[in-house]
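The following block contains a protein sequence and its predicted model.
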Amino acid sequence: MKLLSRWSGIEKLKREKIFILSLFLGLFLVAFVCVTLGNMFYRQAEDVSGLIDAAKDTVVLKAIGISISAAICSTLIAFFFGVPLAYFLARKEFIGKSIIESIVDVPLVIPHIVAGIALYGVFMRYGLIGAPLERLGIVITEAYLGIVVAMLFMSLPYLIDTAREGFKEVDPRLENVARSLGASHWRTFREITFPLAFPSIRSGAILSWGRAISEFSAVLILAYHPISAPILIYEKFTSFGLSASRPISVLLISICLVIFVLLRTLGGRRE
Amino acid sequence: MIKIIHLSKDWKEFSLKDINLEVKKGEYFVILGPTGAGKTLLLETIAGFYFPDSGEVQIDGHDVTNLPPERRKIGFIYQDYSLFPHFTVEENIEFGLKLRKSASQDTNRKRLEEIMDWLNISHLAHRYPATLSGGEQQKIAIARAIAIEPSVLLLDEPLAALDLRTRDYLREELKRVKLKLGITMLHVTHDQTEAMVLADRIAVMMKGRIMQVGTPYEIFNKPLNEDIADFVGVENILNGVVGSNENGIAEIVVDMGYNIFAVSDYHAGKVKLFIRPEDIILSEKRGESSARNVISAKIEEMRDMGPLTRVRMDNSLVALITKQSRESLGLRKGDEVYATFKATSVHVVR
C-alpha cells in the first residue's frame, strides 16, 4: 500500500508538471528581488554602528521624513482627483474615452528624466504654470511642492487604473437596486459603490504611494532641495561610495516595507 | 398601477419600440418573451435606471418619466439577487427602511422583524449574502424590496437562476406576496410555466414590441400570429383554406390534404391553424367521441420528455401525451393511431 501511495504521489506530480515549471521559473524572479535586497541588508548587518549613526543623523531623518510625507501628499491629491475620474471611466462610455485613458497612462511609459524636464518647463519661475503661481507667492521648483508635483505626475496612473478596475467590478445592478430603495446617487456611491471598490482603491493608493516615494529623476530636476531620501542616497553614493549610501538605503526601505505591510494588512479583513 | 405610453428607447443591441401597456392596480402582470426581446430594458426604464428616448411612464397615475429611481416608489428584483455583499441580511433589508424619513427607528425595527418573520428568514439575519443559497438570497431580495412598501414591484427573471424545486417554492412565495400586500407586480420572464402559473394577465414581447396582451388562456390558446404561437409552445401550426362554414364551424382543408373542423367566423380564404400538442388525444381505435376531429396517422417519432412524451405523426401533427397513456396504449414508432381533438381546440387566424 505504501508503495502504491508513493506511486500515486509521483503520478500527482506528473499531472502538476506545468505548475511546477511555472513555480521554478517564477522563483527566479523572486530570488532576484530577495538576493538584491538581502545582500544589502546582510552587508549592513556587518556594520550596525553605521546604521545607528545614520538613524541618528538629522539630515538623514529629515530627508526620509520629506520623502514619506511628500509621497502621502501626492497620493492624497491623486486620490482626491483620481477616484472620481476612475468612477467616471468605469461607468460611462463616450467618444474619446480611450484617449483619456491613454493620457492617464502616459507617465508609465516616458522616461522619468524626460518627465522631470517637462515638469520643469511648466513649473519653473517663467513657466506656463510656474509664472502665475509665483505671482501668488507659490514656488514649485526647488521646494517641497516640487517634490510633490514630480511624485504626483509619476504615480497617478497606478491609482487611477486600479481604482477604475475596482469600480468596474461593482455590479451596476447593485447601484440600481440601491436607487430603487430610495438612495440618492450620491448616497449610493457612498454606501455601496465606494465601499465595494475600496479594496482596489486602497491597493491603487499603496502602489501610487510606493511609486511616489521611489521617484528620483523627476524629483532631481524639479526639486533637488529640500533634499529628499533618494536624492540624499544618490549624493552620498557619488561622493562617498557604497558604504556611505547603504545605511540610508536600508533605513529607507525598512520604513517603506513596514508601512507597506501595515497598509496591506490593515482594513483588509473583508477578503 | 403602471401605465406606459408610446415608450421608445434604444440601448446597445436592445430596443423598445412604441410600447403601450397598462398594468392595473394589484394585478400580477407578466411580460413573456424570448431572450433579447428588450424585457429587462423595459423594466429598467420603468424603474428609471434608463431615460426613455420618447414616451411616458406613469405609476399610480403620476407621470414619473422625469423622476429619478429613488423617488418612484418601486421595488426591484433582479435574477442574480443583487444583495449588497458587504451588508448582512438584516442590513440589506434595513437599507431602504433607514432612508424613509417619515418612520421612526422603532417602526423600522418592527417592520424589519415582521417581514423577516413572515418570509421565514429571521434565522439568517446576521449572515452575509455570500454564505446563503440562491433561494435564500432571492427571498432576502424580496424582503428588501417589499420592506419599503413600494407601489409596484418589478421582477426581472427572478426565478431563472434557481433550481426547479426552489423555483416552485419561490413561485408560491411570490403569490403569497401578491395576496398579502395586494401590490401591483410586473414580472418579466421567458419561462411559460412561470407566466401561466403566476399571471393575471400576460403580455408577449418580441423584438422590442408588445405583440399581444391577454389572460394566460388567451395567450396560450389564442395567439394572434404564428410567431407568438410558436413561442408559447403551439407546436401544430398548419396552413389551410376554408372550404365551408356551418353555424360557426369551419371546415378547413389543410396543406397535408386532410380536413379539420374549427370554431371560426371565416367562410373562405387562406388561414393558419394553431393546435396545442396537449389538446390532441391519441387512441388505437376510432373511439366514440364528441370531438369533431378524428384523423388517422402513423407515428413517425416519439421523444421521451420525462413525465410527457412528444409524438410526431406523418401528417405533421404533434401530440403531447402522458407517460401513463403512452404505456397503456403501448405506442411505438410506426403504429397507426387516431389523433382526436375538439373544434374548439383549433385556433384559426388569417
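Here it is on my side, so go on. Numbers count the residues shown, from 1 in each chain, chains lettered A, B, ... in the order given.

What lies in contact with stretch B:205-213?
For stretch B:205-213, contacts defined as CB atoms under 8 Å, 6 or more residues apart in numbering or on different chains pick out B:14-21, B:31-34, B:37-39, B:42, B:201-204, B:218-219, B:223-225, B:227-228, B:231. For the C-beta atoms, the positions are set from N, CA and C on the backbone; glycine is no exception.

These, buried ones only, as a PyMOL selection?
Selection of the buried residues among those in PyMOL, burial being defined by 16 or more other CB atoms under 10 Å in any protein chain shown:
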select buried, chain B and resi 14+15+16+19+21+31+32+33+37+38+39+42+201+202+203+204+219+223+224+228+231
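
Which ones among the contacts of stretch B:205-213 lie within strands?
With DSSP state E as the criterion, strands contain B:14-21, B:31-32, B:201-204 from among the contacts of stretch B:205-213.

For these, give me CSV that also has pLDDT and distance to B:Lys285.
Output for the ones in strands among the contacts of stretch B:205-213, formatted as CSV (pLDDT from 0 to 100; distance: CB to CB, whole Å):
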residue, pLDDT, distance to B:Lys285
B:Phe14, 92, 53
B:Ser15, 93, 54
B:Leu16, 94, 53
B:Lys17, 94, 52
B:Asp18, 94, 53
B:Ile19, 95, 51
B:Asn20, 95, 51
B:Leu21, 95, 49
B:Ile31, 96, 45
B:Leu32, 95, 39
B:Arg201, 97, 42
B:Ile202, 97, 38
B:Ala203, 96, 43
B:Val204, 96, 39
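
can you pull out the helices in the stretch 51-200 of chain A?
A:58-91, A:97-109, A:112-123, A:130-135, A:144-169, A:172-180, A:185-188, A:194-213 (DSSP state H, counting those that start in this stretch).

filter the contacts of stretch B:205-213 down to the ones close to chain A.
For chain A, no contacts are drawn from the contacts of stretch B:205-213 by CB under 8 Å from any CB of the partner chain.

Chain A contacts on the stretch 101-250 of chain B?
By the rule CB under 8 Å from any CB, the part of the stretch 101-250 of chain B lying against chain A is B:Ala141, B:Arg144, B:Ala145, B:Ile148, B:Pro150.

Which of those ranks first by neighbour count?
Tallying neighbours with other CB atoms under 10 Å in any protein chain shown puts B:Arg144 at the head of those, with 29 neighbours.

wait, is that residue part of a helix?
Yes - under DSSP: H, G, I helix; E, B strand; the rest coil, B:Arg144 sits within a helix.

wait, doesn't it sit right on B:Glu91?
No - between B:Arg144 and B:Glu91 there is no contact under CB atoms under 8 Å: 9.9 Å.

And the nearest residue to A:Ala90 once chain neighbours are set aside, how far from chain B?
Of all residues not flanking A:Ala90 in the chain, A:Phe167 sits nearest, at 3.5 Å (CB to CB, 6 or more residues apart in numbering or on different chains). A:Phe167 is 15 Å from chain B, where distance means CB to the nearest CB, to the nearest Å.

For B:Val253, which residues count as its bridge partners?
Assessed by DSSP bridges, B:Val253 has beta-bridge partners B:Val241, B:Asn259.

That one - how many residues pack around it?
B:Val253 has 14 neighbours, counted by other CB under 10 Å.

List the contacts of the nearest residue to B:Ser290 once chain neighbours are set aside.
Counting by CB to CB, 6+ apart, B:Ser290 lies nearest to B:Lys342, which is 7.7 Å off, once chain neighbours are set aside. Counting by CB under 8 Å, 6+ apart, B:Lys342 makes contact with B:Asp279, B:Ser290, B:Ala291, B:Arg292, B:Asn293.

at 10 Å instead, please
B:Phe261, B:Ala262, B:Val263, B:Ile275, B:Asp279, B:Ile280, B:Ile281, B:Ser289, B:Ser290, B:Ala291, B:Arg292, B:Asn293 (CB atoms under 10 Å, 6 or more residues apart in numbering or on different chains).

swap in B:Lys323?
Neighbour list for B:Lys323: B:Asp304, B:Met305, B:Gly306, B:Pro307, B:Leu308, B:Thr309 [criterion: CB under 10 Å, 6+ apart].

which ones are touching the closest residue to chain A within chain B?
Relative to chain A, the nearest point of chain B is B:Gly96 (3.3 Å; CB to the nearest CB). Contact analysis of B:Gly96 by CB under 10 Å, 6+ apart lists A:177-178, A:180-183, B:70, B:75, B:108, B:144-150.

how big is the angle separating the helix or strand harbouring A:Tyr234 from helix A:194-213?
Assessed by DSSP states H and E, A:Tyr234 sits inside helix A:229-240. Put simply, helix A:229-240 runs at 20 degrees to helix A:194-213, going by axes from the mean of the first three to the mean of the last three CA atoms, to 10 degrees.

Buried residues, the helix or strand just after helix A:229-240. List them.
Next in sequence after helix A:229-240, counting helices and strands by DSSP H and E, comes helix A:242-265. For helix A:242-265, a neighbour-count test (16+ other CB under 10 Å) marks A:244-253, A:255-256, A:259-260, A:263 as buried.

Same check on stretch B:177-196?
Of the residues in stretch B:177-196, B:177-178, B:183-192, B:194-196 count as buried by neighbour count, 16+ other CB under 10 Å.
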